[in-house]
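*Asks:* Predicted coordinates and the sequence they were generated for:
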Amino acid sequence: MPEESIEHINFDDLNKRAISKPIVNHIYTADPSAHVFDGKIYIYPSHDVDAGEAFDDLGSHFAMEDYHVISMDSIDSDAVDNGVALHVDDVAWAKQQMWAPDANEKDGTYYLFFPAKDYEGIFRIGVATSSSPVGPFTPQPNAIKDSFSIDPAVFKDDDGSYYMYFGGLWGGQLQRWRTGTFNPEQPESPTAFLPNDDEPALLPIVAKMTDDLLEFAEKPKGIEIVDELGNLLLAGDNDRRFFEAAWLHKEKDKYYFSYSTGDTHYICYAIGDSPYGPFTYKGRILNPVVGWTSHHSVCKVDDKTYLFYHDSSLSKGVTHLRSVKIAEITYNKDGTIITLDPYLK
């Protein structure tokens, strides 16, 4: 739900109509990445704090500095905050803005993947490890080589291969890497270096991970999102093109690439036959929520599929104070997803 409409919302009524409630309310959480490890649900969100920053389209007001891991014994059980799992002060290369993370597991080691701005103001992606899914996590001394932008999501395929998906426009800086190197020449602007509306939209990025999950095993490459005719989505197609919040899940041998359209507030998805794509646009998973952002993950729990997402209903519209929610996803017989409305009419 667009930022400009928030002042007109009756939040008492909205919260009554919401299809789900915040899973925790003692802190603000956002951008949830959910996984099941050893039969238990673990959610890796960003941690929203009211830092008093001025609102802008680059996300400078999102000044998050640490991560908490939320755990649940079942989809209906209480959510437990396991405390600080990683703080920016523990990351040698990172200066600020610990934005949306993800996690995964291999051979008993748990990996936390996270973006942060380095001391040159450039977003990079780091890795931290732990023997426990709730941490504390020990970060690597340097960011992943050749990493850039934001919103890492790491998918484990059936053959044991791991792939990282990432990228985000505007404050996520993806548009500043169009030439292959970071372009800092113009003043920071959310629209600097973006393609024209009639040009192909900027692509999200994928890279296969090394066996130790600490580096890229290959040069990161773009993921094609195409329409029903096989044409790349255009930059001006704001209701369908990729903006941020990449995620991959698999259903019946098909790969579902989902993402946020950013300024138009949809969670959309596209389907392909390979973790590299191309992915054909199919529709929306979630219609707009209250708040400036929409960010999600998709996780199967006990043979049902759930969307983990956030909105700003608990903070009554303060856009940088968000709360994680959960709703079940259902599929049509043809494999398409039935779109969720976050609030009943």
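*Replies:* Yep, it's here. Values in this document were obtained by computation on a predicted structure and should not be read as measured data.
*Asks:* First-to-last residue distance for stretch 281-290?
*Replies:* From its first residue to its last, stretch 281-290 covers 24 Å (C-alpha to C-alpha, to the nearest Å).
*Asks:* ok, and what's touching that stretch?
*Replies:* Outside stretch 281-290, the residues within contact range by C-beta atoms under 8 Å, 6 or more residues apart in numbering are 1-2, 6, 9, 14, 225-228, 233, 240, 258, 264-271, 294, 296, 298, 307, 309-313, 317, 329, 336-337, 339-342. Using the backbone N, CA and C atoms, a C-beta is placed for each residue, glycine as well.
*Asks:* Tell me where the stretch 1-150 of the chain has strands.
*Replies:* Taking DSSP state E, counting those that start in this stretch as the test, the strands found in the stretch 1-150 of the chain are 28-37, 40-48, 66-72, 80-87, 94-96, 102-106, 109-118, 123-130, 138-139.
*Asks:* got these as CSV, with mean neighbour count, mean pLDDT and distance to A246 columns?
*Replies:* Listed next are the strands of the stretch 1-150 of the chain as CSV, based on neighbours: other C-beta atoms under 10 Å; pLDDT from 0 to 100; distance: least, C-beta to C-beta, whole Å:
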stretch, mean neighbour count, mean pLDDT, distance to A246
strand 28-37, 24, 98, 11
strand 40-48, 24, 97, 15
strand 66-72, 21, 98, 19
strand 80-87, 17, 98, 21
strand 94-96, 17, 97, 21
strand 102-106, 22, 98, 10
strand 109-118, 22, 98, 12
strand 123-130, 22, 98, 12
strand 138-139, 17, 98, 22
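*Asks:* Turn these into JSON lines, columns for distance to S20.
*Replies:* Listed next are those as JSON lines, based on distance: least, C-beta to C-beta, whole Å:
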{"stretch": "strand 28-37", "distance to S20": "12"}
{"stretch": "strand 40-48", "distance to S20": "13"}
{"stretch": "strand 66-72", "distance to S20": "13"}
{"stretch": "strand 80-87", "distance to S20": "18"}
{"stretch": "strand 94-96", "distance to S20": "31"}
{"stretch": "strand 102-106", "distance to S20": "21"}
{"stretch": "strand 109-118", "distance to S20": "25"}
{"stretch": "strand 123-130", "distance to S20": "29"}
{"stretch": "strand 138-139", "distance to S20": "33"}
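*Asks:* Which one, of those, ends up nearest to L194?
*Replies:* Between L194 and the strands of the stretch 1-150 of the chain, the shortest separation by C-beta to C-beta is 16.5 Å, and it involves strand 123-130.
*Asks:* got the angle between the closest one and strand 66-72?
*Replies:* What separates the directions of strand 123-130 and strand 66-72 is an angle of 50 degrees, with axes from the mean of the first three to the mean of the last three C-alpha atoms, to 10 degrees.
*Asks:* distance between strand 123-130 and the chain's centre?
*Replies:* Chain-centre distance of strand 123-130: 15 Å, with C-alpha atoms, centre = their mean, to the nearest Å.
*Asks:* Relative to it, what are the paired strands and their orientations?
*Replies:* Strand 123-130 has its sheet partners listed here by DSSP bridges as strand 109-118 (antiparallel), strand 138-139 (antiparallel).
*Asks:* For Q97, which of the ones you listed is the nearest?
*Replies:* Proximity to Q97 (C-beta to C-beta) singles out strand 109-118 among the strands paired with strand 123-130, at 4.8 Å.
*Asks:* Contacts only, for Y269.
*Replies:* Y256, F257, S258, Y259, Y281, K282, G283, R284, I285, I337.
*Asks:* Could you double-check that S74 lies in contact with I41?
*Replies:* Yes: with contacts counted by C-beta atoms under 8 Å, S74 reaches I41, the gap being 7.3 Å.
*Asks:* overlap in contacts of the two?
*Replies:* By C-beta under 8 Å, 6+ apart, S74 and I41 have these common neighbours: V301.
*Asks:* ok, back up a step: the contacts of stretch 281-290, buried ones only, as a ChimeraX selection?
*Replies:* Buried subset of the contacts of stretch 281-290, written as a ChimeraX selection, criterion 16 or more other C-beta atoms under 10 Å:
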select :1,6,14,225,226,233,240,258,264,265,266,267,268,269,270,271,294,296,298,307,309,310,311,312,313,317,329,337,340,342
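*Asks:* picking that back up, among the contacts of Y269, who's most crowded?
*Replies:* For the contacts of Y269, counting by other C-beta atoms under 10 Å, the largest number of neighbours falls to Y259: 32 neighbours.
*Asks:* host element of it?
*Replies:* Assessed by DSSP states H and E, Y259 sits inside strand 254-260.
*Asks:* Secondary structure element for Y165, which one?
*Replies:* strand 162-166.
*Asks:* pull the CA atoms of that strand into CSV?
*Replies:* Output of strand 162-166 as CSV, limited to C-alpha atoms (Å, rounded to 0.1, in the frame of the first residue of the first chain):
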residue,chain,number,x,y,z
TYR,A,162,23.8,-24.0,-3.7
TYR,A,163,23.0,-20.8,-5.6
MET,A,164,22.9,-17.2,-4.4
TYR,A,165,20.3,-14.8,-5.8
PHE,A,166,20.7,-11.1,-5.1
